[in-house]
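Q: attaching a predicted model along with its sequence, questions to come.
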Number of protein chains: 2
Amino acid sequence: MGLGTVGRAFLRALAENRDDIGRRLAEPLEVTRILVRDPARHPEERHRLTTDARDILDDPEISVVVEVMGGREPARTYMLEALRRGKSVVTANKEVLAYAGPELWAAAEAGQADLRFEASVGGGIPVVQGLTQGLAADRVRSVVGIVNGTTNYILTRMTDEGSSFEQALAAAQAAGYAEADPTDDLDGHDAARKIAILASIAFGAHVSPDDVAVEGIRHVTAEDIRYGQGQGWRLKVVASARLEADGLLLRVGPAFLPQDHPLAGVSGAYNAILVEGEPVGQVMFFGPGAGGGPTASAVLGDVIEIAWGRHQGVSAPRPVRYRPCPLKDPATDELAAYWRLDVVDRPGTLAQVAQALSEASVSLRSVEQRPKPDGRATLLLVTHRCREGALRQAVANTGRLPVVLSMGPPIRVEGVD
Amino acid sequence: MGLGTVGRAFLRALAENRDDIGRRLAEPLEVTRILVRDPARHPEERHRLTTDARDILDDPEISVVVEVMGGREPARTYMLEALRRGKSVVTANKEVLAYAGPELWAAAEAGQADLRFEASVGGGIPVVQGLTQGLAADRVRSVVGIVNGTTNYILTRMTDEGSSFEQALAAAQAAGYAEADPTDDLDGHDAARKIAILASIAFGAHVSPDDVAVEGIRHVTAEDIRYGQGQGWRLKVVASARLEADGLLLRVGPAFLPQDHPLAGVSGAYNAILVEGEPVGQVMFFGPGAGGGPTASAVLGDVIEIAWGRHQGVSAPRPVRYRPCPLKDPATDELAAYWRLDVVDRPGTLAQVAQALSEASVSLRSVEQRPKPDGRATLLLVTHRCREGALRQAVANTGRLPVVLSMGPPIRVEGVD
């Protein structure tokens, strides 16, 4: 279902790797029907196109449905019906999975069909399988990743070339790494869907993307990034799910990572997911987070798994086993933060800002004052670790000071006490 | 079978993660017998110890045998018998797998039992599953990895602290990262077994560790590493399997990697395996390459997979499908190389060395001459890319020069033309 970039790459991979796949499976894989909106756009596939989903859902000969059309509807409805009718489903659709996961699993169990979604997170990186199978013996404590290639490309470009956010976004759009409307990527919603999916499989947590605290990167400036570089930090959009004593903490947002952090070196449109568990320790999966080829690799890998299982007589899904998993209030989390303020450059300004922080029980680790034109100055603050609630109070206090002209939101700093 | 570091970590992980595992499986996993040499050493396991493998092999109630005793025999014989009798086998034994892989697969097919070996390469990193399942849709072109934690620990220490090879080796032994007899690690034999296993699953190549061209690291000096750092290179022991037009090239040896190479940042006892394939592109798996906990994670993950399959009625193995795969002669491969020579410090020495290289059609990219005490000098050469056969000839020519006092073997340099 769907014949866009991923669908076409899927057909190509299936054709080009037919021999290798044949060696692994007893029976060949055959695509018999392709659902499209506009058949005229795909004349080369004429003989197997359809515009009617019923041609697929009602065909008893079709045992696996590959959903690569994207969007919530009608994809969700088609997947649910396919599963209930005993057709296994492979999907790259993070939106449907993140919002309708439990419903899909229930349909899969009802139809005794399999549901696989490796491509929904991390493109070609086999991280879903790594978590559900390879690390099945582990108690996972955290899943922390760079799961949005668009923002990683933008931040990498700003870091390597000193360009502004706007310039880097334009470059990402020109290179095909960002869409015309990049809201979902820039504001963290895409990454929130992916970390919700990862949390559901790593912890059995019944969570939705709406449970994830998200922060975007539109406010990040070249000056922020340069300052971090000077401290030995790299700015990344980090998505994380951590199981703490008082609950599961879900976040997406920019963070400065120390240079020797395993995720710090992940650049460009690459993705990486770092899993910490017991007894394995730290394991990281790295690779292309998007694109037709990598996504097709993951989708086709899932199809091969299902075909192999069917050959063995298996049709049951390996469902996510949900369990109660209370969410932690992010306000109770601790962090050190970097923070940029534009202020009036006159004696006493710094003292007023320090006082505003201190009243919120936030203590400063370092501060740098940079004179700017027109009697202004920029303050670059780094706090010691404090409660996020206290930091929010400090931001509110500071915002009320007449000497403060404007300020960006604080950015978390990892690896700082 | 076996109750050393890995065996004990396995029992611990099984006990501690019983609830999580129970959620994934319909029936509990129970260890009923443990084969040991000396029962007196394990009083806490008294009730289930045995010194007779027959108590395991002849017990019809035992469906999975976990082999963590190590060594070629009797491990190989026990595994073969278990498989032929329909008991699935999970092993961490890279030696038996690398040398007796085809024999084990034949036994598994004969007994319709499963054979799994995630822990044999990369400790807790789920790379075997990543290659056989996650990337099943891809045509793999190369598998390149840091798969020996001991040598990576030594080289990291030499790099970070400027210590000599001997000092770093002593530190590795003190920290438990190197054995009393470190030959297998230092001379590349351990890595050769692992890359042979990876090549067999990535390419279906029927290869043995004896097919791998190995070079050790005993000759590497702090000066070599410092010189590389000055060029922006990191020295790593790289194991690689590359499918080229004229065959499969298998190597293990030290190599300078450019700083931005995905493997360059893998430090300490960590392992990483970089896979390139079509259509996925580059995917990397990173994590702890050894140790009781990580290895137990991989072994127990395999056991859970088998238990899940059995519950579904599956018992057949997912065997390696061997196919003809000619080996490439390393002498026909091309490389750029770094090379250190101790010479007599007098006019004309450099000209003689350059002439010796030129006679073998090897051209110099750079040369640095460093005066040393007692009328000696050190030459640090970097060649342009050349045939490995030509380089060997150049080494032979140079070794015959009376002005050359001693020399280390050339070290490959990646990312240089």
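A: On my side now, so go ahead. Numbers count the residues shown, from 1 in each chain, chains lettered A, B, ... in the order given.
Q: need the pLDDT of A:Val362.
A: We have a pLDDT of 96 for A:Val362.
Q: where's it relative to A:Ala394, distance?
A: Distance from A:Val362 to A:Ala394, counting by Cβ to Cβ, to the nearest Å: 4 Å. C-beta coordinates here come from the backbone N, C-alpha and C atoms, glycine included.
Q: list residues touching both of the two?
A: Common contacts of A:Val362 and A:Ala394 (Cβ atoms under 8 Å, 6 or more residues apart in numbering or on different chains): A:Thr383, A:Cys386.
Q: what does the stretch 151-300 of chain A have sitting close to chain B?
A: A:204, A:262, A:265, A:277-288, A:291-294, A:296-300 (Cβ under 8 Å from any Cβ of the partner chain).
Q: which residues are in contact with the closest residue to A:Leu186 other than its chain neighbours?
A: Among residues not flanking A:Leu186 along the chain, A:Gly216 sits closest, at 5.2 Å (Cβ to Cβ, 6 or more residues apart in numbering or on different chains). Each residue near A:Gly216 by Cβ under 8 Å, 6+ apart is listed here: A:Leu186, A:Asp187, A:Gly188, A:Gly253.
Q: tell me which helix or strand A:Gly216 sits in.
A: Mapping A:Gly216 onto the secondary structure by DSSP states H and E places it in no helix or strand at all.
Q: just A:Pro60 next, same as before
A: Per DSSP H and E: A:Pro60 is located in neither a helix nor a strand.
Q: output the host helix or strand of A:Ala82 as CSV, nothing but the C-alphas.
A: A:Ala82 is part of helix A:75-84, with elements assigned from DSSP H and E. Only the C-alpha atoms of helix A:75-84 are listed here, as CSV (Å, rounded to 0.1, in the frame of the first residue of the first chain):
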residue,chain,number,x,y,z
ALA,A,75,-3.5,3.6,6.9
ARG,A,76,-4.7,2.8,10.4
THR,A,77,-8.1,1.4,9.1
TYR,A,78,-6.4,-0.7,6.4
MET,A,79,-3.9,-2.1,8.8
LEU,A,80,-6.5,-3.0,11.4
GLU,A,81,-8.6,-4.8,8.8
ALA,A,82,-5.7,-6.6,7.3
LEU,A,83,-4.6,-7.9,10.8
ARG,A,84,-8.1,-8.9,11.9
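Q: which other helices and strands contact the host helix or strand of A:Ala13?
A: Here A:Ala13 is covered by helix A:5-16, with elements defined by DSSP H and E. Packing partners of helix A:5-16 (3 or more Cβ pairs under 8 Å, 6 or more residues apart in numbering or on different chains; DSSP states H and E): helix A:292-311.
Q: can you list the buried residues in the helix it packs on?
A: By 16 or more other Cβ atoms under 10 Å in any protein chain shown, the buried positions in helix A:292-311 come out as A:292-310.
Q: elements contacting the worst-scoring helix or strand of chain A on mean pLDDT?
A: Ranked by mean pLDDT, DSSP states H and E, the weakest helix or strand in chain A is helix A:18-24, scoring a mean of 81. Secondary-structure packing of helix A:18-24 (3+ Cβ pairs under 8 Å, 6+ apart): helix A:292-311.
Q: off-centre distance for the helix it packs on?
A: Its chain's C-alpha centre and that of helix A:292-311 lie 21 Å apart, by Cα atoms, centre = their mean, to the nearest Å.
Q: for it, name the packing helices and strands.
A: Partner elements for helix A:292-311 (3+ Cβ pairs under 8 Å, 6+ apart): helix A:5-16, helix A:18-24, strand A:64-67, strand A:88-91, strand A:115-116.
Q: following that helix, which helix or strand shows up next?
A: strand A:334-344.
Q: and stretch A:371-378, average pLDDT?
A: The average pLDDT for stretch A:371-378 rounds to 94.
Q: list the buried residues for that stretch?
A: With burial defined by 16+ other Cβ under 10 Å, the residues of stretch A:371-378 counted as buried are A:Ala377, A:Thr378.
Q: from one end of that stretch to the other, what's the distance?
A: Taking Cα to Cα, to the nearest Å, stretch A:371-378 runs 6 Å from one end to the other.
Q: now A:Ala336: how far from chain B?
A: Distance of A:Ala336 to chain B, given as Cβ to the nearest Cβ, to the nearest Å: 24 Å.
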